[in-house]
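Novice: could you work out the structure for the sequence below:
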Amino acid sequence: MDDDARPAKRQRIQLESSFSAASDLSDLSDLTTLPPSSDPALRTNALPRPSLPLKPQTARKNESEAELKPLPPAVLLVSLPALLAHPPNHKYYVHSLVLSLKALRRCLALPALLPDIECRAWTGLAELGMRAIAGGFSASEEHLWARGIESEVEKALSRGSIIAQKHPSLRAYKHQLALLQAQLSQWQHKTKFARNQIRSLISSLLPTDPPHILYSAQLALITHLTTPTAAPGSAATPAKTKLEKVQSHTPPSSPQPSPQDVHAALAVVQELEERATKQQHKQVALLGRVLRARIQVAAGMWADVHAAVQSAEVALGLSYEAAATPRPRKPRPEQGKQPEQTFIMFEDAFEAAMAVHLLILSIVYHTHVGEAAQVSPRLSHLHALLDSEVLEMFPDGYVEIALPEGPSLVVQVTHPRILFLLVFLVSSAAKRDAVGRKPKRKIFATEGLATWDSEAAREISFSTWASAGDVQEVEERLARIKADLLSELVAVSVMRSEFDIAEEKLNEFIAHTRTYDIFPLFAARIALHHAHLAHALLRPARALRCYRAAAYHAERGSFVHVAALAGETALCVGMQRRKARMGDAWLHGLSEADEQWPEDGEADVDKGMEVVKMCRGMGGSLDAVAHVLEACFTPEILKAKQHLKLALELATKAQDNHLRALVLALVAAHYLHTAGDHARTMLQTCEQLAAGLGAPAVKGTGAASQVSRGTVAVGNAPLGLWVGERFLELYKRAGKEARVQKQTVVNAQLAKAVTDLSRRGLSAEGPES
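Specialist: Just a heads-up that it's a prediction; the model follows:
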């Protein structure tokens with residue numbers, strides 16, 4: 001791909017359309033449009049084209065005289081912004097804005113301007129002014145040149161609209177000015193007025209108008225409908241200090257759009273898709289299908305996502321076969337190599353961008369519902385696309401849709417730098433299995449963090465019509481992606497009992513969020529990680545306090561909120577059963593560094609069943625947790641077995657072996673005294689999973705090879721010890737003395753590991769108060 005082709009094309013567009021090839025929205029969605037505002041009259045007259053010479057000497061002389069002829073001041077001044085344009089991360093970007101604004105002001109001060117030049121100047125002034133507003137320059141005390149530019153933009157929109165209405169040949173400017181007016185109204189928190197302006201624009205369009213104008217207006221309306229109505233720190237919501245954000249139980253993240261707005265946006269998407277299908281604009285129809293899937297995923301409408309994703313995959317020609325579980329063994333050398341899996345590749349930049357977005361959405365959906373077999377082929381296809389350098393096809397985050405009539409439709413997609421790092425995060429989250437020597441969940445998270453650090457030193461590519469607000473948005477998203485990668489690494493380290501790594505990465509997680517001022521966004525998740533870490537370190541009192549803190553700071557009904565409540569409920573059930581079984585000695589075996597267990601730490605069946613209801617429909621993991629909790633609360637053994645069976649099926653389907661090990665242990669406990677063979681089979685699987693949750697990276701250093709040397713790679717020590725004690729009971733019952741002696745040695749090693757775990761941190765920090 002020629003790197004110089006697209007910038008040259010963009011420069012020509014800007015020269016011909018008065019710096020109006022795209023409008024910058026202050027709150028951009030991942031898929032939005034940049035409506036062009038080109039005047040057909042200016043296209044033919046903007047740059048003179050010399051005719052072919054009949055006589056070489058005479059033609060060259062006339063051509064040189066024509067080139068040396070000075071341009072009219074108005075044409076020169078109105079064309080300067082396109083010549084001075086720089087990307088927003090360029091060191092002279094602010095200088096170009098200031099000089100461009102001065103050039104347009106001087107142009108408008110000239111007498112007897114032609115209507116097309118004057119309308120072009122007013123439109124350019126409004127666009128540059130909105131660019132300064134979107135970049136935050138007008139609200140900064142350091143940039144005095146941008147002070148009061150809001151009123152200047154309003155004046156430019158008003159004057160430009162009057163001129164465009166008087167001259168039918170300037171109709172294209174009328175549409176662009178209407179979109180800029182809606183953008184300004186949205187920035188002024190006049191949400192309903194902004195949406196009504198776009199709806200009025202759509203209803204006023206004529207059949208003779210180019211189709212890209214209607215699509216641009218519809219995409220702008222979708223953006224407004226899916227943008228939260230009141231952002232933090234706005235006029236509608238007073239800004240909070242950092243301390244107030246942390247102390248508030250309401251998460252300070254941007255509010256979600258209301259259900260009415262989401263359904264209104266989906267209705268506009270349906271209109272866009274129907275019109276595009278009728279006009280045979282296949283790529284626009286594809287954009288509508290991907291937009292529908294994205295809106296539904298963002299709104300948590302999981303029941304409707306499957307149909308939307310499937311429809312978009314059909315439009316792109318994608319089809320996948322569910323991965324086989326378990327995977328077939330590698331063929332022997334004499335059997336030859338199996339044919340490699342091939343995937344569809346895309347030569348068109350727009351279709352490639354849609355494929356990357358759709359695959360990410362599809363992977364997120366299938367991971368959420370716990371369909372690991374559906375995730376695997378899509379994740380492989382996504383990796384194949386990135387290996388083919390598909391992101392280089394839209395390096396600035398903009399793609400074009402060629403339309404049969406009129407100019408192309410320019411669409412802004414997620415920036416490729418964000419997509420590149422987002423794939424690491426999605427891959428880590430999609431690989432749920434934490435068992436093994438090198439679990440892919442940990443590998444993707446680790447490699448994602450290393451790539452993030454290396455990519456941070458590289459300059460990000462932006463187009464000349466992007467704003468400083470776009471740069472800030474990309475940087476904020478990248479900071480959140482690194483926080484999510486650290487969160488994944490903390491979670492998998494806790495699952496694998498790698499507590500030193502978990503504590504180190506958790507501290508790094510907290511430091512990163514504070515450095516980038518996003519700690520309030522992740523406060524609930526950080527508290528939940530602390531709860532899981534304390535739970536695994538046999539510190540139930542601290543874990544209970546952290547579970548409650550996570551639930552308090554999380555958004556009501558969110559995944560973190562429900563997961564914290566489920567963790568608190570399960571912990572209270574376990575402690576209540578422990579007290580009932582061990583009596584006054586219930587503290588034996590727990591961490592000596594733990595806090596005092598609170599008096600209100602008793603399990604409540606009614607509250608527990610409310611948590612079970614909240615877990616329903618929250619995804620495969622919490623659905624399985626709901627069945628586990630309900631099995632603990634039900635007094636009937638048969639129902640408990642049924643719930644555990646369902647939980648085991650969900651965990652197996654999602655390839656969540658961490659949860660599967662727990663469910664297998666609970667199932668084995670039900671069959672220990674009634675079906676010994678069945679219980680032994682489940683205990684063997686559970687033992688393998690417990691040892692794999694912390695298996696060393698180097699083969700040959702496991703439990704079997706280290707028993708004789710007095711050390712055992714235990715993995716999850718408490719679970720391994722519980723399984724070992726059950727095996728010992730079965731072997732004694734069956735009279736297998738050799739097995740009893742061998743299991744006794746293993747149990748001694750596991751008991752020592754649990755004791756070391758309970759005393760962990762005492763020498764360094766002492767008991768916690």
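Novice: need the strands for the stretch 401-550 of the chain, in chain order.
Specialist: Taking DSSP state E, counting those that start in this stretch as the criterion, the stretch 401-550 of the chain contains strands spanning 409-412.
Novice: so where's it uncertain?
Specialist: Along the stretch 401-550 of the chain, no part satisfies pLDDT under 70.
Novice: could you do the stretch 51-200 of the chain as well?
Specialist: Along the stretch 51-200 of the chain, the model assigns pLDDT under 70 to residues 51-68.
Novice: do that again at 50, thanks
Specialist: In the predicted model, the stretch 51-200 of the chain carries pLDDT under 50 at residues 51-56.
Novice: please, which helix or strand holds Leu177?
Specialist: Per DSSP states H and E: Leu177 is located in helix 171-187.
Novice: next SSE downstream of that helix?
Specialist: Counting by DSSP H and E, the next helix or strand C-terminal to helix 171-187 is helix 191-204.
Novice: okay, stretch 296-316 in PDB with CA atoms only?
Specialist: The C-alpha trace of stretch 296-316 is given here as PDB (Å, rounded to 0.1, in the frame of the first residue of the first chain):
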ATOM      1  CA  GLN A 296     -26.400  -3.800  21.600                       C
ATOM      2  CA  VAL A 297     -23.100  -5.000  23.200                       C
ATOM      3  CA  ALA A 298     -22.500  -1.600  24.700                       C
ATOM      4  CA  ALA A 299     -26.000  -1.500  26.100                       C
ATOM      5  CA  GLY A 300     -25.800  -5.100  27.500                       C
ATOM      6  CA  MET A 301     -28.700  -6.300  25.300                       C
ATOM      7  CA  TRP A 302     -27.200  -9.800  25.200                       C
ATOM      8  CA  ALA A 303     -30.400 -11.500  24.200                       C
ATOM      9  CA  ASP A 304     -30.400  -9.600  20.800                       C
ATOM     10  CA  VAL A 305     -26.600  -9.600  20.200                       C
ATOM     11  CA  HIS A 306     -26.500 -13.200  18.700                       C
ATOM     12  CA  ALA A 307     -28.800 -12.300  15.800                       C
ATOM     13  CA  ALA A 308     -27.100  -9.000  15.100                       C
ATOM     14  CA  VAL A 309     -23.600 -10.600  15.100                       C
ATOM     15  CA  GLN A 310     -24.800 -13.500  12.900                       C
ATOM     16  CA  SER A 311     -26.400 -11.100  10.400                       C
ATOM     17  CA  ALA A 312     -23.200  -9.000  10.100                       C
ATOM     18  CA  GLU A 313     -21.100 -12.100   9.700                       C
ATOM     19  CA  VAL A 314     -23.300 -13.300   6.800                       C
ATOM     20  CA  ALA A 315     -23.000  -9.900   5.200                       C
ATOM     21  CA  LEU A 316     -19.200 -10.200   5.400                       C
END
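Novice: can you give me how far it is from the chain middle?
Specialist: Centre-to-centre, stretch 296-316 and its host chain are 16 Å apart (Cα atoms, centre = their mean, to the nearest Å).
Novice: who's in contact with it?
Specialist: Defining contact as Cβ atoms under 8 Å, 6 or more residues apart in numbering, one finds that stretch 296-316 is touched by 226, 256-257, 259, 262, 266, 282, 285-286, 289-290, 292-293, 319, 344, 351, 354-355, 358, 361-362, 364-365, 368-369, 617, 619. Bear in mind the C-beta positions are built from the backbone N, C-alpha and C, glycine included.
Novice: got the buried residues for it?
Specialist: Using 16 or more other Cβ atoms under 10 Å as the test for burial, stretch 296-316 gives 296-297, 299-301, 305-306, 308-309, 311-313, 315-316.
Novice: thought Gly135 was touching Ala468?
Specialist: Yes. Counting by Cβ atoms under 8 Å, Ala468 is a contact partner of Gly135 at 3.0 Å.
Novice: who's more crowded, the two?
Specialist: With neighbours defined as other Cβ atoms under 10 Å, Gly135 and Ala468 compare such that Gly135 has more, 25 against 20.
Novice: which of the contacts of stretch 296-316 fall in strands?
Specialist: Judged by DSSP state E, strands contain none of the contacts of stretch 296-316.
Novice: around Asp453, count how many other residues there are.
Specialist: Asp453 has 10 nearby residues by other Cβ under 10 Å.
Novice: ok, now how distant is it from Glu508?
Specialist: 12 Å (Cβ to Cβ, to the nearest Å).
Novice: got it, and Tyr320?
Specialist: Tyr320 sits 36 Å away from Glu508, taking Cβ to Cβ as the criterion.
Novice: so where is the stretch 651-769 of the chain shaky, pLDDT-wise?
Specialist: 702-711, 764-769.
Novice: please, where are all the helices along it?
Specialist: Ranges of helices in the stretch 651-769 of the chain, per DSSP state H, counting those that start in this stretch, are 657-671, 676-692, 703-706, 717-734, 737-758, 762-765.
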